[in-house]
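*Asks:* Based on what follows, work out the 3D shape:
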Amino acid sequence: MKVLIVDDSMTQRKMISEVIAKIGFKGGFLEASDGNEAIDQLGKNFRDICLVVTDLNMPNLSGDKFIEAVAKVPPLAKVPVVVVSIEGTQEKIDSIYAKHPGLAGYVKKPFTADELKAAISKFLK
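*Replies:* You can find the predicted model right below:
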């Protein structure tokens, strides 16, 4: 199984994958720098993806629009999505959950390894 990490920052993608690997995940990683690339990755690999970790603020197709698009495609909508974003006000978090009730979790940047682990560990196989 694989985790798809979606963030326009290569540094953030690397940090997230390192934390996930350190908590014992033995699967692989796929990366995308925006929502369009993420949709392409999901379309090609959705049977192998056990979790998507996405930022909200990205060029071309934002994380918000990406989550919205994924939710409309039944096979993709079953893949858990966790947001990792600098937008961490309670108002923003509540707004994202209201728009995307199937969202699996939300982690504020900067995050600790324990915070990310708490949000994602139940989805890793």
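*Asks:* looking at the chain, which helix or strand does the model trust least?
*Replies:* helix 74-77 (a mean of 84; mean pLDDT, DSSP states H and E).
*Asks:* now what about it, what contacts it?
*Replies:* The contact list for helix 74-77, computed with C-beta atoms under 8 Å, 6 or more residues apart in numbering, reads 42-43, 46, 70-71, 102. In this view, the C-beta of every residue, glycine as well, is placed from N, C-alpha and C.
*Asks:* cool, and stretch 13-29?
*Replies:* Outside stretch 13-29, the residues within contact range by C-beta under 8 Å, 6+ apart are 1-5, 7, 31, 33, 50, 53, 84, 113, 116-117, 120-121, 124-125.
*Asks:* Restricted to helices, list the residues you listed.
*Replies:* 113, 116-117, 120 (DSSP state H).
*Asks:* With neighbour count as extra columns, can I get those residues in CSV?
*Replies:* Formatted as CSV, the ones in helices among the contacts of stretch 13-29 follow (neighbours: other C-beta atoms under 10 Å):
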residue, neighbour count
113, 13
116, 21
117, 18
120, 24
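*Asks:* so which pair among those residues is furthest apart in space?
*Replies:* The most widely separated members of those, counting by C-beta to C-beta, are 113 and 120 (10.8 Å).
*Asks:* Report the buried residues of the least confident helix or strand of the chain.
*Replies:* residue 76 (16 or more other C-beta atoms under 10 Å).
*Asks:* Distance from it to the middle of the chain?
*Replies:* 15 Å (C-alpha atoms, centre = their mean, to the nearest Å).
*Asks:* One more: stretch 24-33?
*Replies:* 11 Å.
*Asks:* Just the endpoints, please. Distance across that stretch?
*Replies:* 24 Å (C-alpha to C-alpha, to the nearest Å).
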